[in-house]
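Visitor: A structural model of the following input is requested.
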Amino acid sequence: PIVHDRTFFFFSYEGRRQRESVTLRATVPTAEQRQGVFRDAQGKVVTDVSGQVTPVAQRILNLVPQPNFAGAFNWGGAAAKPRDANQITVKLDHNFNNANRLSFSYLYQRDIRDEPATNTNLTGFGDWRQGLRHHSTVTHTSTITSRLLNQAVFAFNLLDGRIYPRELSNPAEFGISNGINDKIGLPTINVVGWFQLGRGQAPTGWRDPKFTIRDVVSYYAGKHSLKAGGEIRTWRNRMYAIDQGTLRFDGTFTGNAMVDFLTGRPATVAAVFGDQTTHLGTDVYSAFFQDDFQMSRKLTLNLGARWEYFTVPKETGGRKFGVFDASAGQLVHRDTPYVTSKRSFAPRVGFAYDPTGTGKAAIRGGYGIFYNQGTVGTARNLALNPPEATSITYRGTTLAQPFAGQGTAAVPSLISITPEWPTSYLHSYNANVQIEVARNLAFDAGYYGSTGRNQEIALEINQATYIPGSSTATNTDSRRPFKGFGSIRVQSPIA
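Guide: All right, here's what the predicted structure looks like:
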């Protein structure tokens, strides 16, 4: 204690250091191939583009290791995969007097790890990830009378996550004009059958602050132990992502993917364009009442009810949610993704019965309804439906100008949601029997079950119709019920 019988302090630290590695294999060009000269198995020159190797390709090859093995996979290496975690816990309790107690707790967690094999088969790439968590709680407990107790709680929780490329080159310094002039790494470059490098879908990150206010009143009156209270939770989320594009070299132009790369001619360049930053917000309101009633020396009842209201997620940044209207066959944009109910009442009942009155046998049972918020993650995907974010595939471009060719917007695949969303919930029930058979022997048998209602499932409503003899991969979209769209997965409740 800091002050005797008044103020108490607790501190702890926990650290973890985890070290492992991952093995990577790739086919990399030889010194001669880097100059544009390729030979067959007999040593005869079959391709010579030594005068056509682009400066951009040469700069990128400076990041690619030299061969260190013979054979098809002529390079191999090990990449470190460290993970460091730190946690600090602080707790402070202060007794103002016998009737008032204030408690404060704070938890800090930091997790940093390398993922060297993400999106690559070469060392030096991949990404690193950082997760931060701050959680603090202030609790005031007040003993108003010998029978009346009040507890007020304020809590704050913050999650902060980031993913960054391990290789932080500036694409512009390599001669790649993809709209990025900052050291955030190269776009994804996939030379099919050889190697892949870059981290085109990073950096990404998210930030989730949540506030909770709760108050619970307890009253003890004879055989009744009564509790009543309410809670308000607010949750906000900001998530961002940058897509620099994925350049695919597969031999479309020369029959050799590496030659296509050296001469700077990707088969396709795919990227998601638009602002991929979302700002979601939702609140939860709840109230409850509970009575633990000791009807007799043998029987105790637990009776209660809870009400919860999960507000519909909103885009606090001003953008709208893209929802597919099946009746009109089109994508519509709304301020709110769906409508939900405010009538989420959950009864709770339980009992404990001692049939002998000696404490050597007990029969217990309970039933309750528990509601689940759900669908929040889906709401972000709705905010990224076209036109907010559009996938475009380019052809006829170059390594230096990846978005300068003929761009074709991909047939959009959508994630949507049922316009009227009933809150999902769970029926939970159990029964248990315990009997003391002998001094050191007891018999215990129980049954525990649950039944879900309005559980979330993704239903595909734009599945292509199979036509015997004429169904091919290239005509898939023309066989879908809703033309102009690819897959349409609708988050829907099931009974």
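Visitor: any idea how far N430 lies from A346?
Guide: Noted for N430: a distance of 16 Å to A346, by C-beta to C-beta, to the nearest Å. For glycine as for every other residue, the C-beta is placed from the backbone atoms N, C-alpha and C.
Visitor: compare those two (neighbour count), which wins?
Guide: Each of N430 and A346 has its neighbours counted (other C-beta atoms under 10 Å); A346 has more, 18 against 15.
Visitor: looking at this, the more buried one is in a strand?
Guide: Yes: checked against DSSP: H, G, I helix; E, B strand; the rest coil, A346 lies within a strand.
Visitor: start at 32, not 1
Guide: All right, first residue 32 from here; so that's A377.
Visitor: mind listing what it touches?
Guide: A377 is in contact with A336, R337, W338, E339, G399, I400, F401, Y402, Y456, counting by C-beta atoms under 8 Å, 6 or more residues apart in numbering.
Visitor: hey, what's the first one bridged with?
Guide: Under the criterion DSSP bridges, A336 forms beta bridges with F320, P378.
Visitor: what's near enough to touch it?
Guide: Each residue near A336 by C-beta under 8 Å, 6+ apart is listed here: F319, F320, F376, A377, P378, R379.
Visitor: return the residues in contact with the third one.
Guide: Translated: F376. Going by C-beta under 8 Å, 6+ apart, F376 touches A336, R337, W338, I400.
Visitor: what do you get if the cut-off is 6 Å, keeping everything else the same?
Guide: W338 (C-beta atoms under 6 Å, 6 or more residues apart in numbering).
Visitor: distance of it from E262?
Guide: Using C-beta to C-beta, F376 is found at 15 Å from E262.
Visitor: for the fifth one, same thing?
Guide: Taking C-beta to C-beta as the criterion, P378 is separated from E262 by 18 Å.
Visitor: ok, the two, which is more surrounded?
Guide: Shown here are P378 and E262; by other C-beta under 10 Å, E262 has more neighbours (17 against 11).
Visitor: for the closest residue to L332 other than its chain neighbours, what are phi and psi?
Guide: The shortest distance from L332 to any non-neighbouring residue, by C-beta to C-beta, 6 or more residues apart in numbering, is to F324 (4.6 Å). Main-chain dihedrals, F324, degrees, to the nearest 10: phi -110, psi 120.
Visitor: and the host helix or strand of D314, what does it pack against?
Guide: Assigned by DSSP states H and E, D314 falls within strand 309-325. Here strand 309-325 touches strand 255-272, strand 330-341, helix 407-414, going by 3 or more C-beta pairs under 6 Å, 6 or more residues apart in numbering; DSSP states H and E.
Visitor: please work out which of those is packed deepest.
Guide: Comparing the helices and strands packed on strand 309-325 by mean neighbour count (mean count of other C-beta atoms under 10 Å), helix 407-414 comes out on top with a mean of 20.
Visitor: tilt between it and strand 330-341?
Guide: Here helix 407-414 runs at 10 degrees with respect to strand 330-341, directions being taken by axes from the mean of the first three to the mean of the last three C-alpha atoms, to 10 degrees.
Visitor: report the rounded mean pLDDT for helix 407-414.
Guide: For helix 407-414, mean pLDDT rounds to 81.
Visitor: ranges for the strands of the stretch 132-281 of the chain?
Guide: Assigned by DSSP state E, counting those that start in this stretch, the stretch 132-281 of the chain shows strands spanning 158-174, 179-196, 219-222, 226-228, 235-252, 255-272, 277-280.
Visitor: doesn't L163 make contact with L189?
Guide: No: with contact defined as C-beta atoms under 6 Å, L189 does not count as touching L163 (7.5 Å).
Visitor: from Q432, how far out is the closest residue to P297 other than its chain neighbours?
Guide: Among residues not flanking P297 along the chain, L278 sits closest, at 4.4 Å (C-beta to C-beta, 6+ apart). From L278 across to Q432, the span is 11 Å (C-beta to C-beta).
Visitor: for N131, list each beta-bridge partner.
Guide: N131 has the following beta-bridge partners by DSSP bridges: N128, S173.
Visitor: that one: how many residues sit nearby?
Guide: Residues near N131, counting by other C-beta under 10 Å, number 13.
Visitor: pLDDT below threshold where in this protein?
Guide: 32, 406 (pLDDT under 70).
Visitor: Three-state assignment for F292, please.
Guide: Reduced to three states by three-state DSSP, F292 is helix.
Visitor: for it, give me its contacts.
Guide: A88, V222, F280 are the contacts of F292 under C-beta under 6 Å, 6+ apart.
Visitor: and if we set it to 10 Å?
Guide: 60, 84-85, 87-88, 91-92, 220-223, 225-226, 278-282, 285, 430 (C-beta atoms under 10 Å, 6 or more residues apart in numbering).
Visitor: any idea how many residues pack against Y497?
Guide: Neighbour count for Y497, taken as other C-beta under 10 Å: 8.
Visitor: in this structure it contacts R510, no?
Guide: Yes: between Y497 and R510 there is a contact under C-beta atoms under 10 Å: 7.7 Å.
Visitor: distance to R484 added to the helices and strands packed on strand 309-325, as a markdown table?
Guide: Putting the helices and strands packed on strand 309-325 into a markdown table (distance: least, C-beta to C-beta, whole Å) gives the following:
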| stretch | distance to R484 |
| --- | --- |
| strand 255-272 | 23 |
| strand 330-341 | 15 |
| helix 407-414 | 18 |
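Visitor: among the ones you listed, which comes closest to V303?
Guide: Closest of these to V303 is strand 255-272, at 8.2 Å (criterion: C-beta to C-beta).
Visitor: show me what that closest one is packed up against.
Guide: strand 179-196, strand 235-252, strand 309-325, strand 330-341, helix 407-414 (3 or more C-beta pairs under 10 Å, 6 or more residues apart in numbering; DSSP states H and E).
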